[in-house]
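Asker: Need coordinates for the following:
(3 chains)
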Amino acid sequence: MALPLPSPSPSLAVKESASGSATYCRKQKSLGLLCSNFLSLYNRDGVETVGLDEAAARLGVERRRIYDIVNVLESVGVLVRKAKNTYYWKGMGAIPKALEQLKEQGFRNNDEPIDGKSGKISDDDEDERFSNHSASFQDKVDPDSMNKAPGSFKSENRKEKSLGLLTKNFLKLFLCTTSDMLSLEDAAKILLGDARNPSLTRTKVRRLYDIANVLSSMNFIEKIHHPETRKPAFRWLGMRGQTDSERTANALVHKESKKRTFGTELTNICFKRSKMVSPIDVDINEDIKPVHLQGERQPVKCNTDMCNSDQVPDRVGPSAPVCLPKSCDEESNEAKKSHDWESLASTYRPQYHNQALRDLFVHYMDAWKSWYSEVAEMDPIQVI
DNA sequence: GCATCCCGCCAACTG
DNA sequence: CAGTTGGCGGGATGC
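Answerer: Numbering: from 1, shown residues only, chains lettered A, B, ... in the order given. I've put the predicted structure just below:
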């Protein structure tokens, strides 16, 4: 899909206060939310490849953030690198196998199951033997890597510190240990050869936070507090019998249930740390609940359609897919233009928790309609 | 005040 | 060598 893509930078999370001033809203820019949106965007039938530029544009984030997501997803088998800028989409169905392989690798590299506290895990199954720093397990080499040509030390050192590899090893800590609860600091120390270096540990912890956010958005882990120390930690949830769609769906629910206090944050209209964008920069996606309609409330029937972000630069929500809801009025017209996003729309129909959110949605719909009618007159929306 | 983690610089890597 | 990739840590935000 060759798209005329805008710079993602304008799509920033902003929140407008009652006074009209704006503040940066960190939550709306989180990697976990971005991951949820990423999955909602690509986890569907017919997706074969993922373009990084396209993903960045659709999600309204900088490419750098896409790398973070992609690296973690690649570690759990959801994506496989195809070429520069392009990944194969393997889907959530590839996860169990990937985890099983990680588990095997973990046990193969360590003679016996390791304990979450004292165990050690190779810092790099494939590359660590070329490492030049003091990892604990440099002598434990993944046999699969034996036929790989060694690269330069710098190259290997870089790989060894990659987010993808760190993700794998972090997962192995859960998969290959008896403990299903682990603090990130402990994980960092285990995964680092040099646990004495506070600076290294701190950096590792930062990366683990990134990873944990993505994994928790996929419901692989959940944040808890250690019962004794009250220190924050993460608990392994694993697959726990969830289907692919359930996992993706839960990923969306998760964002609301874990990262937001209901009713306290009605919009995703946020400011980037210092820059401003359109106050209509709403992340509608975050307020979308997966279907499983069992309920009382029938939300506004809404068809979603992907618009070329080139044409909606200021309306792209923070890390939300460039996917804006349309009213019933427009539905028939847009149906002709719309494509596979309809299936997504039917799967993730909005369900709002409270009246305020519903009101916001109506408000957003009105704003969108107003804007859309203007744009439609000027230049028809291109469909991806 | 500590936990969290976004942001973007810039070096390494790649085609 | 231009474009891609992604490590890294400063520092802002959240609690």
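
Asker: Of all the residues in chain A, which one is nearest DNA strand C?
Answerer: Using C-beta to the nearest atom of the strand, the single residue of chain A nearest to DNA strand C is residue A:162, 2.8 Å away. For glycine as for every other residue, the C-beta is placed from the backbone atoms N, C-alpha and C.

Asker: residues contacting the residue lying closest to that residue once chain neighbours are set aside?
Answerer: By the measure of C-beta to C-beta, 6 or more residues apart in numbering, the closest residue to residue A:162 outside its immediate chain neighbours is residue A:71, 6.7 Å from it. By C-beta atoms under 8 Å, 6 or more residues apart in numbering, the residues touching residue A:71 are A:162, A:163, A:164, A:167.

Asker: Please pick the buried ones from those residues.
Answerer: A:162, A:163, A:164, A:167 (16 or more other C-beta atoms under 10 Å).

Asker: Identify the farthest-apart pair in those.
Answerer: Comparing every pair within the buried ones among the contacts of residue A:71 by C-beta to C-beta identifies A:162 and A:167 as the most remote, at 8.7 Å.

Asker: worst-scoring helix or strand of chain A, pLDDT-wise?
Answerer: strand A:303-306 (a mean of 32; mean pLDDT, DSSP states H and E).

Asker: hmm, who's touching stretch A:221-232?
Answerer: Contacts for stretch A:221-232 (C-beta under 8 Å, 6+ apart): A:174, A:181, A:183-185, A:212, A:215-216, A:233-237, A:258.

Asker: Quick check: the residue nearest to residue A:162 is in a helix.
Answerer: Yes. Residue A:71: assigned to a helix according to DSSP: H, G, I helix; E, B strand; the rest coil.

Asker: any idea how far it lies from residue A:206?
Answerer: Distance, residue A:71 to residue A:206, by C-beta to C-beta, to the nearest Å: 15 Å.

Asker: likewise residue A:31?
Answerer: Distance from residue A:31 to residue A:206, by C-beta to C-beta: 12 Å.

Asker: The two: which has the busier surroundings?
Answerer: Neighbours of residue A:31 and residue A:206, each counted by other C-beta atoms under 10 Å, are more numerous for residue A:31; the result is 22 against 12.

Asker: What are the phi and psi values at that one?
Answerer: Here is the backbone geometry of residue A:31 (degrees, to the nearest 10): phi -70, psi -30.

Asker: returning to that earlier point: which of the buried ones among the contacts of residue A:71 fall in helices?
Answerer: Among those, the members found in helices (DSSP state H) are A:163, A:164, A:167.

Asker: Is DNA strand C within reach of the helix or strand hosting residue A:50?
Answerer: Using DSSP states H and E, the element containing residue A:50 is strand A:49-51. No. Applying C-beta under 7 Å from any atom of the strand, one finds strand A:49-51 out of contact with DNA strand C, separated by at least 9.1 Å.

Asker: And for the closest residue in space to residue A:204 that isn't next to it in sequence, the neighbour number?
Answerer: The spatially closest residue to residue A:204, leaving aside those adjacent along the chain, is residue A:188, at 3.7 Å (C-beta to C-beta, 6+ apart). Using other C-beta under 10 Å, residue A:188 is surrounded by 22 other residues.

Asker: In the beta-sheet assignment, what are the partners of residue A:225?
Answerer: Beta-bridge partners recorded for residue A:225 (DSSP bridges): residue A:232.

Asker: burial measure for it, as a count.
Answerer: 12.

Asker: do you know how far it is from residue A:236?
Answerer: 15 Å.

Asker: and if you look at residue A:203?
Answerer: 24 Å.

Asker: Any residues of the stretch 101-250 of chain A in contact with DNA strand C? List them.
Answerer: Applying C-beta under 7 Å from any atom of the strand, we find that the stretch 101-250 of chain A lies next to DNA strand C at A:158, A:159, A:161, A:162, A:163, A:164, A:199, A:200, A:203, A:206, A:207.

Asker: Now for these: which two are most distant?
Answerer: Farthest apart among these by C-beta to C-beta are A:164 and A:199. That separation is 22.4 Å.

Asker: Lowest pLDDT pick from the contacts of residue A:71?
Answerer: Sorting these by pLDDT puts residue A:162 at the bottom of the list (88).

Asker: Could you measure from it over to residue A:67?
Answerer: Distance from residue A:162 to residue A:67, by C-beta to C-beta: 10 Å.

Asker: So which residues of the stretch 1-150 of chain A form strands?
Answerer: Under the criterion DSSP state E, counting those that start in this stretch, strands of the stretch 1-150 of chain A are mapped to A:14-16, A:22-24, A:49-51, A:79-83, A:86-89.

Asker: how many other residues sit next to residue A:64?
Answerer: Neighbours of residue A:64 (other C-beta under 10 Å): 9.

Asker: So for stretch A:207-225, mean pLDDT?
Answerer: pLDDT averaged over stretch A:207-225 gives 90.

Asker: what pairs with the closest residue to residue A:234 other than its chain neighbours across the strands?
Answerer: Excluding the flanking residues, the one nearest residue A:234 by C-beta to C-beta, 6+ apart is residue A:221, at 4.5 Å. Residue A:221 has the following beta-bridge partners by DSSP bridges: residue A:236.
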